[in-house]
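Engineer: Here's my sequence, what's the structure:
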Amino acid sequence: MKEIYLRKLTLRNFKGAKEMVIEFSRHMRLLGPNESRKTTTVDGFDWVLTDKDSLGRKQFDIKPLNESNQVIHGLSPDVTVELRVDGKPVVLRKVFSEKWTKKRGSATEEFTGHTTDYYIDGVPAKQKEYQAFIDSLVSEDLLKLLTNPMHFNEQLTWQERRRLLLEVCGDVMDDEVIQSNQSLSAIPSFLEGRSIDDHRKVVKAAMAQVNKDLEKIPVRIDEVSRSKPDTDGLNEIELQTDIDTLKSKIADKEAEQTRLHSGGEVAEKEKRLREVEAELLQIKNNAQFGVMEQVTVQRKLVSELEGKVDTFTREIERKSRDIATNQESIQGLEAKVSKLRENWVTENNTELAETGVADSCPTCGQALPEDEVEAAKQKAIAHFNRHKAEKLESITNDAQKAKTRIDELEQTNEQLQSEIELLDCQLKQQQQAVTEAKTELEKLLSQVSDPTQSIEYRAKEMERQSVANKIVGLRQSVLDDVQRVRTELMDLRDELRRKETLLTRFEQIRRLNARTDELKTEERTLAAEYERLSRQLYLLEEFTRAKVSMLEDKINSKFRHARFKLFTEQINGGLTETCETLYKGVSYSGGLNTGGKILVGLDILETLQKHFGYSLPVWVDNRESLTSPIELDCQLIELVADPTKKKLEIEDLEQEAV
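Structural biologist: Residues are numbered from 1 along each chain as shown. Below you'll find the model as predicted:
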């Protein structure tokens, strides 16, 4: 054990002491009225060793003051502490001096700060050397703790006090606690390598989460139930049959539409018309046998030109039909957009009439907390608004798609119209060419006999006229049929979409029923998990109570007077860590008198000195508050406030005891 003994303390110009020299024995008492420099001695001792006063303040009034409480300049506080460390003398000295500097161009000096000089056994030392030497004797924390009986209870936090007690007295191992109580034997099986405290945190956090999840289940089930679509009056099998029938009808109509667009019957008649015209030409050729070769060439030219005219005519007609078809689609889409706009306005004006949230438990009938009911209502409103927003967004998207399709069809019609105009220009050029070629042919034919007057030619001409008339009638009929088929297709597809939408309700109900079953299973699982965690928490709390009892008994056995409360029981039955010093059932911070505080402080200090292996001088302020004698195996310096004394007096209690 290292013994540090205070032999002598010399104060010069330190605080209110102009010069004070005290030689100490093993047991000294300093008596005097208030402001008789008793505390100044402690401050001087602490300042030399820690650079702080007895209250732990680094900034305090070291320099002496005059009657007006103004600093007296020119006086340097000077404190010398003479110790005996393990029998060897050690002298420590600190001098706090003013620094006066004469600036260039000035005749007087100005006060610019302070300097501190350090001495070890009379030898000047640097601040770091001085501090290192002090630390080699005793650290600042231990010096305060082992010389001031109030330091432990008044300067340390409860966490620091608790940690120090466990360091000094030793903790109780968890295995010891478990082995001391058979009911705690199950604890190691669920710790999973964690400490008791860590697992308690894990369990509490898990219980809170499980409880939160359990509270959500009924609301989630109710939300799922309210999400089920209405299927009253609907039959799933009948709907599927109707859908299959509609798909078959749509396929037939699409095939009919394709046939009409291809113009098959018109093409056959046009082919026959060309054949008849060729036969007429052949009749003429036969009748004009021997006509000049140029007539034949001219006829071929006319035929080629007329073929081009027919090609341009058919292309113009085809593009015109496409324009008409697209225009019909545009009208249908515009009607759809108008209907969607009406639907959007209707849906946007829809308001939630009632949330449908129950204000009591459906199982027991007990009224639910208002905040939970309100939260459920808010969720219902949020769900309604979300569903409404989704429906409005769907209507808006459908309308936007229809508008986009209208724009595409209008652009297509504009392109087709431009192409028709170009083709019409080309057609007129070809028709002009045909006219010119026929005029030339007529000139050539005027030179030969007219075959058109023959019976054969007239009969064939009548056939040609009949075929041409049929072509005109067929072309008008095709346009009417295309419009009819398109209208029928739109109606069939609308009906198909409606039926398919109704059919999806049954699949949606199956999914929601499955989700309800999942939530109920989850609820049972969570309830079982909560029960399991509750059992673990109960065992952990029982463990803590057992450990508290063992730990407090172990620590209290190290002290004569002081007792320690290391845990506080909460309202919910749990325990929270603390560290409160007690004396005869009265807590240090809860009404213990000064004498009791000194007594338990000395008791704690004595144990700490033994633990850390130091025998240091102990300063006991307010000694007059303690009536019982002090028994310490170290140097003891008592500070007594005695109003009967006129000035500071010193009693050597060691000599009196002898």
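
Engineer: in the stretch 451-600 of the chain, which spans are strands?
Structural biologist: 563-569, 575-583, 586-587 (DSSP state E, counting those that start in this stretch).

Engineer: Now render those strands as JSON lines, adding distance to residue 279.
Structural biologist: From N, CA and C alone the C-beta is placed, and that goes for glycine too. Formatted as JSON lines, the strands of the stretch 451-600 of the chain follow (distance: least, Cβ to Cβ, whole Å):
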{"stretch": "strand 563-569", "distance to residue 279": "120"}
{"stretch": "strand 575-583", "distance to residue 279": "116"}
{"stretch": "strand 586-587", "distance to residue 279": "131"}
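
Engineer: To residue 297, which of those strands lies closest?
Structural biologist: Of all the strands of the stretch 451-600 of the chain, strand 575-583 sits nearest to residue 297, with 119.0 Å by Cβ to Cβ.

Engineer: quick one on the thing from earlier: output the strands of the stretch 451-600 of the chain in JSON lines, with mean neighbour count and distance to residue 379 appended to each entry.
Structural biologist: Formatted as JSON lines, those follow (neighbours: other Cβ atoms under 10 Å; distance: least, Cβ to Cβ, whole Å):
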{"stretch": "strand 563-569", "mean neighbour count": "17", "distance to residue 379": "39"}
{"stretch": "strand 575-583", "mean neighbour count": "17", "distance to residue 379": "36"}
{"stretch": "strand 586-587", "mean neighbour count": "14", "distance to residue 379": "49"}
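
Engineer: For residue 429, find the nearest of the ones you listed.
Structural biologist: Smallest distance to residue 429 across these (Cβ to Cβ): 103.7 Å, for strand 575-583.

Engineer: Pull the closest one out as CSV, backbone CA atoms only.
Structural biologist: What follows is strand 575-583, C-alpha atoms only, in CSV (Å, rounded to 0.1, in the frame of the first residue of the first chain):
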residue,chain,number,x,y,z
LEU,A,575,-36.2,-3.0,-12.7
THR,A,576,-34.0,-0.2,-13.7
GLU,A,577,-30.4,0.3,-12.7
THR,A,578,-29.4,3.0,-10.2
CYS,A,579,-26.9,3.6,-7.4
GLU,A,580,-28.2,5.3,-4.3
THR,A,581,-26.2,5.3,-1.0
LEU,A,582,-28.3,4.6,2.1
TYR,A,583,-27.7,5.0,5.8
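
Engineer: who does that strand pair up with?
Structural biologist: According to DSSP bridges, strand 575-583 has the following sheet partners: strand 563-569 (antiparallel), strand 586-587 (antiparallel).

Engineer: re the thing from before, and residue 339, which of the strands of the stretch 451-600 of the chain is closest to it?
Structural biologist: Among the strands of the stretch 451-600 of the chain, the nearest to residue 339 by Cβ to Cβ is strand 575-583 (67.9 Å).

Engineer: Check the secondary structure at the residue nearest to the spatial centre of the chain for me.
Structural biologist: Central residue of the chain (Cα atoms, centre = their mean): residue 209, 16.4 Å from the mean position. Under DSSP: H, G, I helix; E, B strand; the rest coil, residue 209 falls in the helix class.

Engineer: who's in contact with it?
Structural biologist: When contacts are counted by Cβ atoms under 8 Å, 6 or more residues apart in numbering, residue 209 touches no other residue.

Engineer: Retrieve the pLDDT associated with it.
Structural biologist: At residue 209, the pLDDT value in this model is 94.
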